[in-house]
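Novice: Provided below for reference: sequence and predicted model.
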Amino acid sequence: MLKSTRNALIGATLIGAGFTGHAQAETTLNALFMAQAAYSEADVRAMTDAFAKANPDIKVNLEFVPYEGLHDKTVLAQGSGGGYDVVLFDVIWPAEYAANNVLLDVTDRVTDEMNKGVLPGAWTTVEYDGKRYGMPWILDTKYLFYNKEILEKAGIKEPPKTWEELAEQAKAIKDKGLLESPIAWSWSQAEAAICDYATLVSAYGGKFLDGGKPAFTTGGGLDALNYMVTSYTSGLTNPNSKEFLEEDVRKVFQNGEAAFALNWTYMYNLANDPKESKVAGKVGVVPAPGAAGKSEVSAVNGSMGLGITATSKHPEEAWKYIVHMTSQETQNAYAKLSLPIWASSYEDPEVTKGQEELIAAAKRGLAAMYPRPTTPKYQELSTALQQAIQEALLGQASAEDALKSAAENSGL
Amino acid sequence: MSALEIRNIHKRYGEVETLKGIDIALESGEFLVLLGSSGCGKSTLLNIIAGLAEPSGGDILIGERSVLGVHPKDRDIAMVFQSYALYPNLSVARNIGFGLEMRRVPPTERDKAVRDTARLLQIETLLDRKPSQLSGGQRQRVAIGRALVRNPQVFLFDEPLSNLDAKLRMEMRTELKRLHQMLKTTVVYVTHDQIEAMTLATRIAVMRDGRIEQLATPEEVYDRPATLYVAGFVGSPPMNILDAEVNASGLKLDGCEEVLPLPAAFNGAASAGRRVKVGIRPEALRLAAGSGGPRLAANIEVVELTGPELVTTATVGSQRITACLPPRTALRSGSAHAFTFDETALHLFDPESGRSLRTE
Amino acid sequence: MERQSPLFSVFIHASALLLAVVILAPVAWLLIMSISPAADLSAKPLAWWPSDIDLSRYRTLLSAVENSAGAAFIASLLNSLKVAGMATLAAVIVAVPAAWAVSRTPAVAWSLYAVIATYMLPPVALAVPLYMGLAYFGLLNSVFGLALVYLTILAPFTTWLLKSGFDSIPREIESAAMIDGARLDQILRILTLPLAAPVMATSALFAFLLAWDEFFYALLFTSDLRAKTLTVAIADLAGGRVSDYGLIATAGVLAALPPVLIGLIMQRALISGLTSGGVKG
Amino acid sequence: MTGTWISTRAWLLMLPLLVVMTAVIGWPLVDTVRLSFTDAKLVGSEGDFVGPANYIKVLTGSNFQRALVTTTWFAVISVAAEMVLGVLAALLLNQRFRGRTALRALMILPWALPTVVNATLWRLVYNPEYGALNAALTQLGLLDSYRSWLGEPGTALAALIVADCWKNFPLVALIALAALQAVPRDITAASLVDGAGPFNRFRFVIMPYLAGPLLVALVLRTIEAFKVFDIIWVMTRGGPANSTRTLSILVYQEAFSFQRAGSGASLALIVTLLVTILAVAYAALLRKAAGAS
């Protein structure tokens, strides 16, 4: 094995030598990203352009799919024997990708400098079974955003510290007739709903799995879903939430039609942009609340990483590109949309300027990040849970029954 | 030398046998008409001669060479189709010259041949047109021209005149006759029209149910039909067929007292007591003037003047006959008359097999 | 022929108006969304008419600046053109001889019926082995691979339409040409195909529209700019992560433009093609 | 003409089509059958033979049964609605009124709109916050507050059916219109002379001409509706609470999202079988109808 690899390498070198006399061989990388989230499409293109300028011999083709297509595209491209070189992956996929040999193990490529500089919590995004399958890129969790103006009108001085408090404040706003339904969530039958649910699960001290078996049917897992159902049926939650994805939440919040919204980091600066938003300057952000007696704050690990596919023919160049995309310099430059993975960036005034409030929330939220379960069968588990959440919300089943059937359907 | 020989041709489509052993030998220059009603197999036979269909058994010889399995183009034949089958997207000139074009005849030679043919058919002025710009008769001429120009050993015509109106049909018929007399090529011509058959053919093959009922000259087919079917098919209005029985004194017609003389030609075949069908052509009947010759007493039912003749339908006892009389004959429906005829005009057939009982 | 009472006439005109509104309103709204400023589209109450006309999205999607959203859109547009074009061409190429054979030799017709019956198969029934097979031959994420799969959707259909086209060309013409000494290829080239040209054009257009519309296989078998077709690109846009509804609408308008134009221009031919398929079954 | 050289030539000419179809349809179908008896994964694992386990699991599972019910509802209601609306529209378009030609031309519009664009368009129309439907209904006073059309199980399937109907009824209308125009004027005239009323005229004079083409349209539309994927994928992806998850979506999920190629294949074959039964039943119906007329 080793020997044949070496022979191949020698062969490649010889062939390469044959070509170097001519023009510099150009490498083309194909990279798969997600359309519109933390970093917008334009941002990713700009970052990539900077990389291309520095590395004229490497061309990077970018591809953007919605989050819902990211997983299937990556897996399906495996079959084509070289669809992508670099793929963006969610924190929940390394287990499955490792089991199916989708991503290259890059543990050895990570330098000491990286090891020390990147926030320890961020590393969990790309790890499975003690190995690293890429670099964390988007460090993200869900925060509670609130509309300062509406809270003020309702006579509320402090944003909520617990979920119960959130419900009370929302009720006050509703009763005063300020808003029909003050809270917006992303509860569409999609991964987004799981993120909101996981945030609540972390607040209530629940567990997804215990010893590889579903453990969400009781305790914190059940409390979390019950909270969602109560909030929905009491009318405090915008009923359209069950059809919302994150962008819908942002639109509603920006339009001033929600007092509270649970969403990712990226919403902070977009909702504060007067060109985009009607509530610019009135956006408040705190970590997602805790549950009385159980937690101070809650947070879901919604980070994403960049990895090299096992089928890539240019792993060296791909790694170079990933290093560029995750470098402190690049991350700091775009810190308005997604907070850097680098610990020292949080002390850098260049980064914190204008988003002190967000940084403050982030320091507490990121530290409390709760993982969704790491299992190769995550897709099935998630699909089952999404269904359970929707069934419970729609009153087709009690929260308990819904979770029980989810546990049965999870394949675990 | 026989130009075309058809030997024991059979054609089966699965269970159905449409040709049941056809044998014909044609001399060079003959004009053979395959006559029969639709479904008799005449078109299938023509297609087999052309090579557009393969026979299930038997052999076809053109110019003494077997052409079984030979591609149509190599059989030295030309065919004119009922629908003309002109190439709609090609000009008249190219239509006519197509066969030569396919055979790589040089353009100048081809052009000359096309012009000669067009002149012959009086369609020179139409050469640049497309078929859609032609009248029915013109299309017919182009179709014939396309066949003529190739100067083949055998011409095949598949009901070529049936799409024309009556007047044009007569003109084209005469035209075909003129062409044949001039060119003296062998022709096989399919039609269901007995007038065409009678006027054009040197020999007629009357076909029925995949068999040849009679193969003979037009005169013979008319004067000495071999079967009841031929007798009924050729001639208009068709031959009267009456049921009768042979007795000692002659032919006793059913349903009346009339006894007709037994013609000499049938003497040997008809013994006393035998049932027969008696045929007599309407045009053989005359109104009896004096007392000479055989008589048929009849009640006139309908009288129709067609112009050249007076067609009358009458009853003889319980049987019905038609007679064609001179136009000015004074005849009223409801009146009683007697018809007379020449004894030789009678035809006798076996009622079962339909075969003629003629013995000489 | 029939006398119409005034009341009946009013009823007919009212129904016609209703039908026109039902047909037009959604399409009109798509157009309006594509030219409305983003703010108008998230206004409450909704602005039905754009406050001012915003064509920037058309510029965005049609600009070919490298690595821009426009480039991605144009790439998928070109992919759709390539895939549909190749599949259509190939379908006509295999359909012409097959349709001619069936039209002239009914004895082989049963094989065409077997081929047409594959229309019943849900694509999901073939997707997994096809996926693996395409992967094996390196044809995943390739316009050629997708065109090959589309070929099998288009070919039965094209063959059927062409067959009825050939049926209406009298076979005597071909017999005559055969006796005249034309070879099969000459007969087809000089006579039959020119005569069948209108039918061939109609079937080709039909096939093209079918390929342009296909989504499922494209979703599975293509993944990036090299092969992703327009339908997949639009489904990606509509997936809920694009906040500017106008941009989604614009992509829809652009994707609908070619088939709608073909549909309106070729209306008569298309309807006769549709109904001939329908009537003859 | 069954001459040997003729039919040999015919088979030769059929060959390219048959080869392509066998390679790209025939072989995968056979392989799907093989896969359905294994526990193969989409990527990575060839799988072992597991007998009919996949079929048993699928057929007894609630997912399949629910998806079958959903699919049946979708197919029956949308096809029925398309037929009725299509015939009504055709009868209307067969009348004389100003702008008739233009309206007939417009009918091609929904048909020509790509399915995915249609789905996208309706998704935007149904948007719970900024959709045109909510806006229109509230502005007309027909609705108090905005509704989540695609977010409620009660309305999501109906919303999908409306979108599907809008695209497909014009096609039925065009087919029916062509059939109506084939009704000989003499016959309608004769029925008028005989004193038939509008209903009887439709039932006994017009319907016989419509029946054949409509039945064909019905068959094709039912089969298509049973296979439905695109419109659902774009509009709801099977949600909310799986209330719009049809069989095709379920197969996609099983075989591609969960990568269980084996059980996905068995599910796909069950769907194929259902469609085949449907088609055969229809074919029998068609033959009967053809025999009757």
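Specialist: Looks like it arrived, so ask away.

Novice: so is stretch C:196-206 next to chain D?
Specialist: No - Stretch C:196-206 does not reach chain D (CB under 8 Å from any CB of the partner chain); its nearest approach is 10.8 Å. C-beta: built from backbone N, CA, C; applies to glycine.

Novice: and that stretch, what's buried?
Specialist: Using 16 or more other CB atoms under 10 Å in any protein chain shown as the test for burial, stretch C:196-206 gives C:196, C:199-200, C:202-206.

Novice: again, but for stretch A:319-339
Specialist: Buried residues in stretch A:319-339 (16+ other CB under 10 Å): A:319-328, A:330-339.

Novice: just give me the residue closest to the centre of the chain.
Specialist: With no chain named, the answer covers chain A. Nearest to the mean C-alpha position of chain A, by CA atoms, centre = their mean, lies residue A:302 at 2.9 Å.

Novice: looking at chain C here, not the other one
Specialist: Note: chain C centre (CA atoms, centre = their mean) maps to residue C:209, 1.1 Å.

Novice: so what pLDDT did it get?
Specialist: What the model reports as pLDDT for residue C:209 is 90.

Novice: repeat for the one 3 residues further on
Specialist: Per-residue pLDDT puts residue C:212 at 94.

Novice: surely it and residue C:80 touch.
Specialist: Yes - when contacts are counted by CB atoms under 8 Å, residue C:212 is listed as touching residue C:80 (6.0 Å).

Novice: find residues that contact each of the two.
Specialist: Taking CB atoms under 8 Å, 6 or more residues apart in numbering or on different chains as the contact rule, residue C:212 and residue C:80 both touch C:230-231.

Novice: now do the same contact list for residue A:72.
Specialist: D:256-257.

Novice: go with 10 Å
Specialist: By CB atoms under 10 Å, 6 or more residues apart in numbering or on different chains, residue A:72 lies in contact with A:65, A:379, C:219-220, C:223, D:252-253, D:256-257, D:259.

Novice: in helices only, show me these.
Specialist: A:379, C:219-220, D:252 (DSSP state H).

Novice: residue C:101: which of the residues you listed is nearest?
Specialist: Nearest to residue C:101 among the ones in helices among the contacts of residue A:72 is residue C:220, at 33.1 Å by CB to CB.

Novice: how much space is there between the closest one and residue D:252?
Specialist: Residue C:220 is 8 Å from residue D:252, where distance means CB to CB, to the nearest Å.

Novice: overlap in contacts of the two?
Specialist: In contact with both residue C:220 and residue D:252: A:72, C:123-124, C:127, using CB under 10 Å, 6+ apart.

Novice: now for these: which two are most distant?
Specialist: A:72 and C:123 (15.9 Å).

Novice: which stretches of the chain have low pLDDT?
Specialist: Using chain A. A:1-25, A:36-38, A:79-82 (pLDDT under 70).

Novice: that answer is for a different chain, and I need it for chain D
Specialist: D:1-6, D:43-45, D:289-293.

Novice: the closest residue to chain A within the stretch 1-150 of chain D: what secondary structure?
Specialist: In the stretch 1-150 of chain D, no residue comes nearer to chain A than residue D:128, which is 3.6 Å away by CB to the nearest CB. When classified by DSSP: H, G, I helix; E, B strand; the rest coil, residue D:128 comes out as coil.

Novice: what about stretch A:331-342, near chain C?
Specialist: No - against chain C, stretch A:331-342 shows no contacts by CB under 10 Å from any CB of the partner chain, the least distance being 13.9 Å.

Novice: so who does residue 230 touch?
Specialist: I'll assume chain A. A:167, A:236-237, A:399.

Novice: correction: the question concerned chain C.
Specialist: By CB under 10 Å, 6+ apart, the neighbours of residue C:230 are C:73, C:75-81, C:83-84, C:212-213, C:215, C:218, C:251-252, C:254-256, C:258, D:114, D:116-117.

Novice: all helices for chain B, in order.
Specialist: Under DSSP H, chain B gives helices at B:42-50, B:92-102, B:107-121, B:136-148, B:166-183, B:194-200, B:218-223, B:228-233.

Novice: and the ones you listed: which comes nearest residue D:16?
Specialist: helix B:92-102 (26.1 Å).

Novice: compute the inter-axis angle for the closest one and helix B:107-121.
Specialist: Put simply, helix B:92-102 runs at 130 degrees to helix B:107-121, going by axes from the mean of the first three to the mean of the last three CA atoms, to 10 degrees.

Novice: report the distance from helix B:92-102 to the chain centre.
Specialist: Centroid separation between helix B:92-102 and its chain, computed with CA atoms, centre = their mean, to the nearest Å, is 31 Å.

Novice: what of stretch A:335-354?
Specialist: 17 Å.

Novice: also stretch D:271-288?
Specialist: 14 Å.

Novice: equivalent analysis for stretch B:134-143, please.
Specialist: The answer for stretch B:134-143 is 23 Å, by CA atoms, centre = their mean.

Novice: buried ones in it, by neighbour count?
Specialist: For stretch B:134-143, using 16+ other CB under 10 Å, the buried residues are B:134, B:137-143.

Novice: from the buried residues of stretch A:319-339, which land in helices?
Specialist: A:319-326, A:328, A:330-333.

Novice: off-centre distance for stretch A:120-134?
Specialist: 14 Å.

Novice: can you give me the end-to-end span of it?
Specialist: With CA to CA, to the nearest Å as the measure, stretch A:120-134 spans 14 Å from end to end.

Novice: stretch D:18-27 now?
Specialist: 12 Å.

Novice: mind listing what's buried in that stretch?
Specialist: D:18, D:20-21, D:24-26.

Novice: which helix or strand contains the closest residue in space to residue D:121 that isn't next to it in sequence?
Specialist: Counting by CB to CB, 6 or more residues apart in numbering or on different chains, residue C:30 is the residue found nearest to residue D:121 once chain neighbours are left out, at 5.0 Å. Secondary structure from DSSP states H and E places residue C:30 in helix C:6-35.

Novice: can you give me how far that helix is from the chain middle?
Specialist: 25 Å.

Novice: buried ones in that helix?
Specialist: For helix C:6-35, by 16+ other CB under 10 Å, it's C:12, C:15-16, C:19, C:23, C:26-27, C:29-30, C:32-35.

Novice: quick one: average pLDDT of that helix?
Specialist: 92.

Novice: any idea which residue of chain B lies closest to chain D?
Specialist: residue B:54 (3.4 Å).

Novice: pull the number of nearby residues for that residue.
Specialist: 16 (other CB atoms under 10 Å in any protein chain shown).

Novice: surely it and residue B:19 touch.
Specialist: No - between residue B:54 and residue B:19 there is no contact under CB atoms under 10 Å: 11.7 Å.

Novice: common neighbours of these two, please.
Specialist: With CB under 10 Å, 6+ apart as the test, residue B:54 and residue B:19 both reach B:11, B:48.

Novice: helices or strands up against the helix or strand hosting residue D:231?
Specialist: Element membership of residue D:231, judged by DSSP H and E, is helix D:230-235. Here helix D:230-235 touches helix C:216-221, helix C:230-238, helix D:62-93, helix D:115-126, helix D:153-181, helix D:247-252, going by 3 or more CB pairs under 10 Å, 6 or more residues apart in numbering or on different chains; DSSP states H and E.

Novice: just checking, what packs against the last one?
Specialist: So the one you mean is helix D:247-252. By 3+ CB pairs under 10 Å, 6+ apart, helix D:247-252 packs against helix C:124-136, helix C:216-221, helix D:62-93, helix D:230-235, helix D:261-292.

Novice: show me how far it is from its chain's centre.
Specialist: Per CA atoms, centre = their mean, the centroid offset for helix D:247-252 relative to its chain is 15 Å.

Novice: please apply the same query to the third one.
Specialist: What separates the centre of helix D:62-93 from the centre of its chain is 8 Å, taken as CA atoms, centre = their mean.

Novice: and the strand or helix carrying residue D:191 with chain C, contact?
Specialist: Under the criterion DSSP H and E, the helix or strand holding residue D:191 is helix D:185-193. Yes - applying CB under 10 Å from any CB, one finds helix D:185-193 touching chain C at D:185, D:188-189, D:192.
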